[in-house]
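Colleague: got a sequence here, can you build the structure:
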Amino acid sequence: MFKHLLLCFLFCLSFSQLLLSSCFSFSNSTKIYPHGQSLTLLQLKKSFSIKNSYSDYFKLFQLPSYPKTDYWKEGSDWCSWDGVTGDLVTGHVIELNLSCSWLSGTIHSNSTLFLFPHLQSLNLAFNDSA
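Modeller: Numbers count the residues shown, from 1 in each chain. Okay, here's the model as predicted:
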């Protein structure tokens with residue numbers, strides 16, 4: 001019985017170390033690990049310009065609108081940025097709600113937007129992007 005418990009403990013310990021090393025180690029591949037999320041979000045921000053082209057629409061329907069990405073700053077905690085939700089366990093970006101954010105631009109096939117493999121929800125409504 002003791003050998004079984006010891007074996008189980010060692011397995012769990014090695015598995016947890018494997019998970020931690022795979023989640024928090026740096027890689028040059030296209031995978032984005034938790035510590036790279038802020039840099040990728042800032043690159044995404046740079047791919048858009050700010051243009052309030054829906055201002056009359058926002059006023060008519062009393063929708064709150066402001067350039068959410070203006071408040072994304074290097075060195076600050078990306079989990080607290082407007083429009084960004086992170087998974088508290090893994091530290092990955094899981095939701096981007098950038099609706100009514102005055103974004104203007106084109107989303108290209110090589111956009112950093114596609115570098116968030118854990119993204120579960122994306123809202124770009126009421127922006128001027130193609």
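Colleague: average pLDDT for the longest strand along the chain, rounded please.
Modeller: Identified as the longest strand of the chain according to DSSP state E is strand 93-97. Computed over strand 93-97, the mean pLDDT rounds to 96.
Colleague: repeat that for stretch 123-130.
Modeller: So the average pLDDT for stretch 123-130 ends up being 82.
Colleague: same deal with stretch 43-52?
Modeller: In this model, stretch 43-52 carries a mean pLDDT of 92.
Colleague: can you name the next helix or strand after the helix or strand bottoming out on mean pLDDT in the chain?
Modeller: One helix or strand of the chain scores below all others by mean pLDDT, DSSP states H and E: helix 2-24, with a mean of 41. Once helix 2-24 ends, the next helix or strand along the chain (criterion: DSSP states H and E) is helix 37-46.
Colleague: skip ahead from that following helix and say which helix or strand is next.
Modeller: strand 49-50.
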